[in-house]
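Asks: Can you look at this prediction? I've put the sequence above it.
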Amino acid sequence: QVQLVESGGGSVQAGESLRLSCVASGRTFRSYAMGWFRQAPGKERDFVAAMNWSDGGTRYADSVKGRFTISRDNAKNTVYLQMNRLKPEDTAVYYCTADTSFVAVLRSTGDYWGRGTQVTVSS
């Protein structure tokens, strides 16, 4: 069983930065692929970024490439999402997800999900 807790959300102006954190319980964190999704009001949950556990490979949504960076610290059981040059359209609740399968994370079918953290970007 893995529990995920996100933090770091907040309200910022367009162009500013935020760093989200997701702390995972459990001793096998390094064996899990990790990902971030987001859901804006009235919209479906969308993929943002993911990192594989085996080779550290990453994937990003086109809308965030060059602005967002996913990283992980296995010693701290934590995955981060550094968000730079934020835009109003980045406003959403951001969720962390984990699964032993990278494909499952990419497909939004990961076994474990956090409760989310709100990010609001004003123009």
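Replies: That came through, no problem. Residues are numbered from 1 along each chain as shown.
Asks: Now do the SS call for the residue positioned nearest the centre of the chain.
Replies: Geometric centre of the chain, nearest residue: Trp36, 2.4 Å, by Cα atoms, centre = their mean. Secondary structure assignment for Trp36 (DSSP: H, G, I helix; E, B strand; the rest coil): strand.
Asks: Ser21: neighbouring residues, count only.
Replies: The number of residues packed near Ser21 is 17, by other Cβ atoms under 10 Å. All C-beta atoms are positioned from the backbone trio N, CA, C, and that covers glycine.
Asks: i'd like the first residue to be 621 from this point on
Replies: Got it, first residue is 621 now, which makes that one Ser641.
Asks: mind listing what it touches?
Replies: By Cβ atoms under 8 Å, 6 or more residues apart in numbering, the residues touching Ser641 are 626-628, 698-700.
Asks: Over to Lys707?
Replies: Residues near Lys707 by Cβ under 8 Å, 6+ apart: 634, 741.
Asks: how far away is it from Tyr700?
Replies: Plainly put, Lys707 is 20 Å away from Tyr700 if you go by Cβ to Cβ, to the nearest Å.
Asks: ok, for Pro621, nearest residue in space, not its chain neighbours?
Replies: Actually, residue 621 is Gln rather than Pro. Leaving aside its sequence neighbours, Gln621 sits nearest to Gly646 (Cβ to Cβ, 6 or more residues apart in numbering; 6.9 Å).
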